[in-house]
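S.K.: make a model of this:
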Amino acid sequence: MYNNIISQILPQITIDKIIVNQEDFNEILNRPWRTSSATEIVNAFKNVLEYCQKNNITVSDVRFDSLVDGLMDHCEKLTDNELIELLSCLVEYPDCSSYKEHNFHDIWSCLDDICCWKLPTWSIERIFTVANLWYQLHLNKYCDFIYISLDRLIKKSSELTKDQLVHIFFLYNVCRLNSINFEYEYALENKVKEMNVDELGVIALGYFKSKTKIKLPSICEAMIKEVSFNSKYVNEITLAAIMKALRFTHSSKLLPGIRDMMDNLYPEIDRFSTFCCLQIALLLSVYGYLHEGIIDKISYKLLCVMDQLRLKDIERILHVLSTFNYVPKLDQDFVDLAYKEIHKPSRMSEIDDYPRCLPCALNYLSLLGRYSYTYMDKLLDTDYITRMFGKAARYVPREILSLDSCIEIECADYKGKRLAPHLKYKCVKWHTEYAPTELQFKKTAANELFMDVLEAIKAIVKNEENIFIHHILPHFSKASIVICKDVKTDTFVKPMGFQKYILGDVMVPFNDTSLMWFAVMLVNWNNTLRNTNLPLGFALMQERHLKKIGYKPVQVIGNEFIKLSPEGKQRYLSAKLK
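M.R.: Purely as a prediction, here's the structure:
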């Protein structure tokens with residue numbers, strides 16, 4: 001599909017004279033090109049092309065200096081056709097090692113300026129022709145022409161044909177910096193039903209690479225419908241692109257369509273590559289939809305090629321499994337084999353080259369209750385952290401903070417390195433989301449749920465002094481609401497004993513058999529299995545850790561709680577606090 005976009009409108013190069021030997025090559029390049037015409041200069045580039053191809057000579061060769069000087073002097077006199085012919089000719093030359101190479105940078109930056117200057121007078125088709133040439137020169141990220149073209153064509157978005165819109169999104173894909181203008185998306189909505197699944201794959205990649213969420217649901221629905229209808233024939237590159245765009249957009253309204261799509265893709269999993277399968281699995285995890293059949297098939301497929309997988313791929317599948325707290329139904333323990341694979345000596349260079357992969361993989365293993373003391377000792381070393389992530393605490397990944405807290409809660413026999421106290425304190429400050437208050441209350445669904453729960457608890461415990469709000473588990477960004485009940489009198493009392501703790505400490509409650517400690521944890525929509533009230537990985541880990549340090553976790557499921565009346569909310573919490 002991508003090759004069709006590029007090749008369908010490429011111009012042909014016409015050559016007047018072919019240079020076949022070195023004497024003729026040197027003679028033509030040593031002419032006084034600064035006194036020649038623009039046409040003669042373009043013909044010179046074309047005439048020496050074949051000789052340069054046979055002898056692997058790039059335009060950065062010093063023998064091109066005179067010809068390039070002449071081009072600099074006469075570039076403004078190039079006609080549109082000559083400009084396009086020269087760009088087409090440069091595409092055919094042997095590649096320079098860098099866009100900054102001698103001569104090459106002068107040539108392309110000069111031609112880029114001329115293209116931008118001529119742009120207002122060009123037709124849409126000519127703009128696409130020239131944009132494709134810049135793409136073939138591997139300068140799509142550096143030239144200004146493509147960016148300016150995308151901005152100018154916004155005014156004509158309603159006039160663009162289906163194919164031209166696909167081309168626009170292809171250009172967004174290769175630029176990767178701009179976010180897609182809504183005018184293009186609005187124009188796309190009117191054409192999306194005419195597009196086939198491959199064209200929608202190009203559209204999806206444009207959204208994903210430009211980091212733009214799809215705002216109009218009809219576009220996502222068209223992608224889902226086309227994949228479902230063409231599940232037996234869809235190309236895996238196209239499918240992976242659509243999975244990425246849908247994952248990045250993440251709209252709960254798409255879930256019914258995604259379910260049908262996954263049912264149609266289930267019989268086809270075996271023919272897809274591991275990369276495509278991982279994109280399917282990641283989409284399931286983002287939407288909180290557990291399709292056990294697909295996860296089992298993908299896990300088996302990855303199990304067969306475990307030693308060939310990248311560390312990043314192992315991390316991704318562990319992310320999916322830990323999100324659902326799911327163990328694939330296979331003859332072998334998939335998680336155990338993944339654990340052993342990342343410990344192979346052959347993985348060490350990969351671990352050093354991609355420092356974020358290992359902390360993430362270990363963090364996902366910790367969600368499943370599995371720990372690597374060897375790697376945790378390596379990751380928590382201050383010198384290693386400084387070398388891989390820098391000295392600033394804000395750059396230390398949350399996963400490292402989480403592993404340090406997990407050691408304190410679940411790894412009593414661990415004897416290795418720990419996060420330095422001063423560094424941990426700073427890390428927690430960067431990663432913590434402070435609890436909302438009545439005076440500082442940002443209107444978000446999560447904050448509104450927190451305030452509703454807090455109001456209901458206040459009505460139950462009667463006295464605000466009986467409520468303690470803090471990050472008792474520092475590796476979770478949101479605060480917990482702690483209340484304490486005297487078992488003998490069956491009354492709520494003021495939580496005591498937290499004065500000895502600071503932010504970043506795991507706050508173990510005061511150990512007294514006469515007291516029962518409750519930790520209220522909020523489970524939002526994103527932390528439950530779709531259309532159920534079953535918590536997902538991080539909520540399950542939080543519940544497990546609260547139990548281990550002496551609290552009775554009280555899960556408030558947002559889907560259940562938000563629908564209740566004020567009296568119903570109090571009854572809901574009272575039942576859980578008995």
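S.K.: now for residue 234: which residues touch it?
M.R.: 197, 227, 268 (Cβ atoms under 8 Å, 6 or more residues apart in numbering). Backbone N, C-alpha and C define where each C-beta goes, glycine included.
S.K.: most neighbours among the residues you listed, which one?
M.R.: With neighbours defined as other Cβ atoms under 10 Å, the most crowded of the contacts of residue 234 is residue 227; it has 26 neighbours.
S.K.: burial of the spatially closest residue to that one that is not a sequence neighbour, as a residue count?
M.R.: Counting by Cβ to Cβ, 6 or more residues apart in numbering, residue 227 lies nearest to residue 261, which is 5.4 Å off, once chain neighbours are set aside. When neighbours are defined as other Cβ under 10 Å, residue 261 has 25 of them.
S.K.: residue 261 and residue 228 touch, don't they?
M.R.: Yes: counting by Cβ atoms under 8 Å, residue 261 touches residue 228, with 4.6 Å between them.
S.K.: do you know how far residue 272 is from residue 230?
M.R.: With distances taken as Cβ to Cβ, to the nearest Å, residue 272 is found 14 Å from residue 230.
S.K.: neighbour count for the two, which is higher?
M.R.: Between residue 272 and residue 230, counted using other Cβ under 10 Å, residue 272 has the larger neighbour count: 21 against 17.
S.K.: report the separation between residue 484 and residue 426.
M.R.: Distance from residue 484 to residue 426, by Cβ to Cβ: 30 Å.
S.K.: when those two are compared, which one has more neighbours?
M.R.: Taking neighbours as other Cβ under 10 Å, residue 484 and residue 426 compare with residue 484 leading, 22 against 17.
S.K.: give the closest residue to that one in space, chain neighbours not counted.
M.R.: Per Cβ to Cβ, 6+ apart, closest to residue 484 is residue 495, 4.5 Å.
S.K.: the one you found - how many residues pack around it?
M.R.: Neighbour tally, residue 495, other Cβ under 10 Å: 20.
S.K.: kindly provide the distance from it to residue 483.
M.R.: 7 Å.
S.K.: domains in the chain, by residue range?
M.R.: 1-143, 445-576 (automatic domain parsing).
S.K.: and residue 365, which of those is closest to it?
M.R.: Nearest of these to residue 365, taken as Cβ to Cβ: domain 445-576 at 11.3 Å.
S.K.: could I get the average pLDDT for that closest one?
M.R.: Per-residue pLDDT values over domain 445-576 give a mean of 88.
S.K.: same check, this time on stretch 24-44
M.R.: Here the average pLDDT along stretch 24-44 is 87.
S.K.: just the CA atoms of it, as PDB, please.
M.R.: Only the C-alpha atoms of stretch 24-44 are listed here, as PDB (Å, rounded to 0.1, in the frame of the first residue of the first chain):
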ATOM      1  CA  ASP A  24      34.500  12.500 -19.100                       C
ATOM      2  CA  PHE A  25      33.200  12.500 -15.500                       C
ATOM      3  CA  ASN A  26      36.000  14.800 -14.300                       C
ATOM      4  CA  GLU A  27      35.800  17.000 -17.400                       C
ATOM      5  CA  ILE A  28      32.000  17.700 -17.000                       C
ATOM      6  CA  LEU A  29      32.300  18.400 -13.200                       C
ATOM      7  CA  ASN A  30      35.200  20.700 -13.600                       C
ATOM      8  CA  ARG A  31      33.400  23.100 -16.000                       C
ATOM      9  CA  PRO A  32      32.700  26.700 -14.900                       C
ATOM     10  CA  TRP A  33      29.200  26.000 -13.700                       C
ATOM     11  CA  ARG A  34      28.700  29.300 -12.000                       C
ATOM     12  CA  THR A  35      28.500  30.900 -15.500                       C
ATOM     13  CA  SER A  36      26.200  28.200 -16.800                       C
ATOM     14  CA  SER A  37      22.400  28.100 -17.000                       C
ATOM     15  CA  ALA A  38      20.100  26.300 -14.600                       C
ATOM     16  CA  THR A  39      19.000  23.900 -17.400                       C
ATOM     17  CA  GLU A  40      22.700  22.900 -18.100                       C
ATOM     18  CA  ILE A  41      23.300  22.300 -14.400                       C
ATOM     19  CA  VAL A  42      20.300  20.000 -14.100                       C
ATOM     20  CA  ASN A  43      21.400  18.100 -17.200                       C
ATOM     21  CA  ALA A  44      24.900  17.700 -15.700                       C
END
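S.K.: which parts of this structure are strands?
M.R.: With strands called from DSSP state E, the chain shows them at 467-470, 480-486, 491-493, 515-523, 552-557.
S.K.: just the ones you listed: most buried one?
M.R.: strand 515-523 (a mean of 22; mean count of other Cβ atoms under 10 Å).
S.K.: what helices or strands is that one leaning on?
M.R.: helix 445-461, strand 480-486, helix 537-548, strand 552-557 (3 or more Cβ pairs under 8 Å, 6 or more residues apart in numbering; DSSP states H and E).
S.K.: now do the helices in the stretch 51-200 of the chain.
M.R.: Counting by DSSP state H, counting those that start in this stretch, the segments of the stretch 51-200 of the chain that form helices are 65-74, 80-92, 104-118, 124-136, 145-152, 162-175, 182-191, 197-209.
S.K.: most neighbours per residue, which of these?
M.R.: helix 197-209 (a mean of 25).
S.K.: gap between it and the chain center?
M.R.: 15 Å (Cα atoms, centre = their mean, to the nearest Å).
S.K.: what's the local residue count around residue 570?
M.R.: The burial count for residue 570: 17, using other Cβ under 10 Å.
S.K.: how close does it sit to residue 556?
M.R.: 12 Å.
S.K.: picking that back up, can I get the helices of the stretch 51-200 of the chain in a markdown table including distance to residue 478 and mean pLDDT?
M.R.: A markdown table is the format used below for the helices of the stretch 51-200 of the chain (distance: least, Cβ to Cβ, whole Å; pLDDT from 0 to 100):
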| stretch | distance to residue 478 | mean pLDDT |
| --- | --- | --- |
| helix 65-74 | 60 | 90 |
| helix 80-92 | 54 | 92 |
| helix 104-118 | 49 | 93 |
| helix 124-136 | 45 | 92 |
| helix 145-152 | 40 | 91 |
| helix 162-175 | 35 | 90 |
| helix 182-191 | 33 | 91 |
| helix 197-209 | 29 | 93 |
